[in-house]
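> next come a sequence and a model predicted from it.
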Amino acid sequence: MKRTIKKNPAEAEPARQLALHVDTVIHQTPFWASHAGDQDDIILSTRIRLARNLAGIPFPTIARREELDTVVERIGNACKSIRMLQPALTVDIRQCKTLISKALVERRLISPVFAESSSAGIAVIDESEQLSIMVNEEDHLRLQSIQPGLSLQEAWRQISRLDDELSEQVEYAFSDKFGYLTACPTNTGTGMRASILIHLPALSILEQVDQAIKELAPSELAIRGFYGEGTDIIGNIYQVSNQLTLGRTEAAIISRLEVIAYKFLDLERNARDKLLHIHRVRLEDEVFRALGILQAARVLSSAELMKHLSMVRLGNELNLIQEIDHRILNELMIFTQPAHLQLLHENITDPESRDVLRARLVREKLAG
């Protein structure tokens, strides 16, 4: 486990601070959704998050307003000289418009809880959205790296480097006995949460998801929805992450999750093979029925879209559908979410209009 060494910020080589506008981020496809990754036919992305707190300042839940302001100032200044974050988008969560904060949740850059916060806090997001920081969520710092496919080692390499650069400028709350001190005891130790976003449609068709989760996800692992803790499972997409950090090393956490990831991969691939060779008519019906709805629907809710996209993605990966690039499916998954639709199409203000627009955009995209 790394130990924080406090250095004089003046010793850090200054870097030119470039600012991104929020429109730049909202209009682009995130790195994890636009680039190929290992095992990305099933595992959509990998995320590693580190929880950190500044020494000598209470956790955000009990800190005074001026103490939270101090954290924002210190971290904001530190980020300006970190090359990995140049250029970066910095969002003041108190001044952020509701739609923008919701769109950042939809892009998995901030948590739903943080989006609704009225306390002093900022989000710092790098240009490609591989790296992001929430300041004053549950902890003073939540550092995050998201990579395409199964990329635990690369996500760890990037977030570890960012953590090192920050620790040169601020002093973390650290105990020689317990490790990094965090607001939630389950994060104390490494402060690490490693997770994969995994698509399990074949297991879902065969009604074997619950059994797979029961077998492969013991109490040390958590299964959550698309947007993380407290969110629903949509489109047969599950977030699988470690639950405990105390007494475990970063390498052990990553290794354990990697083992679990490959077990899920084996189960899903076996289910896909079974559908292809034993239940092919059932599989084709699910896939082409979903494709037909997306190509013809005039009204689509977010949940319905994700449900049918799941089947179309499955058909695409199994070469039942060959004319659709999987990156198009990723773009539809991101840009048809409610806040994105309202930000990118100013005249859309009510749910019914969103559903009509969503259906039109899907038809146009699938038509090429």
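Sure thing, it's come through. Remember, it's a predicted structure, so these values are computed and weren't measured experimentally.
> for the rest of this, base every contact and every neighbour count on C-alpha atoms.
Will do.
> helices of the stretch 201-350 of the chain, residue ranges please.
All helices of the stretch 201-350 of the chain, identified by DSSP state H, counting those that start in this stretch, fall at 201-205, 209-216, 250-277, 280-296, 302-317, 326-335, 338-344.
> in the first one, which residues are buried?
Which is helix 201-205. For helix 201-205, a neighbour-count test (16 or more other Cα atoms under 10 Å) marks Pro201, Ala202, Leu203, Ile205 as buried.
> so how far is it off the chain centroid?
On the basis of Cα atoms, centre = their mean, to the nearest Å, helix 201-205 sits 22 Å off its chain's mean C-alpha point.
> which residues sit against the helix or strand in which Ala33 is found?
Element membership for Ala33, per DSSP states H and E: helix 31-34. Residues from elsewhere that reach helix 31-34 (Cα atoms under 8 Å, 6 or more residues apart in numbering): Leu44, Ser45, Ser128, Glu129, Gln130, Ile146, Gln147, Pro148, Gly149, Arg327, Asn330, Glu331.
> need those residues in a markdown table with distance to Arg256 and secondary structure, can you?
Formatted as a markdown table, the contacts of helix 31-34 follow (distance: Cα to Cα, whole Å; DSSP: H, G, I helix; E, B strand; the rest coil):
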| residue | distance to Arg256 | secondary structure |
| --- | --- | --- |
| Leu44 | 19 | strand |
| Ser45 | 17 | strand |
| Ser128 | 28 | coil |
| Glu129 | 26 | coil |
| Gln130 | 23 | coil |
| Ile146 | 18 | strand |
| Gln147 | 18 | strand |
| Pro148 | 19 | strand |
| Gly149 | 17 | coil |
| Arg327 | 29 | helix |
| Asn330 | 28 | helix |
| Glu331 | 31 | helix |
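> which of these are buried?
For the contacts of helix 31-34, buried by 16+ other Cα under 10 Å: Leu44, Ser45, Ser128, Glu129, Gln130, Ile146, Gln147, Pro148, Gly149, Asn330, Glu331.
> so can I have JSON lines of the residues you listed showing pLDDT?
JSON lines is the format used below for the buried ones among the contacts of helix 31-34 (pLDDT from 0 to 100):
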{"residue": "Leu44", "pLDDT": "96"}
{"residue": "Ser45", "pLDDT": "97"}
{"residue": "Ser128", "pLDDT": "93"}
{"residue": "Glu129", "pLDDT": "95"}
{"residue": "Gln130", "pLDDT": "97"}
{"residue": "Ile146", "pLDDT": "98"}
{"residue": "Gln147", "pLDDT": "98"}
{"residue": "Pro148", "pLDDT": "97"}
{"residue": "Gly149", "pLDDT": "97"}
{"residue": "Asn330", "pLDDT": "94"}
{"residue": "Glu331", "pLDDT": "95"}
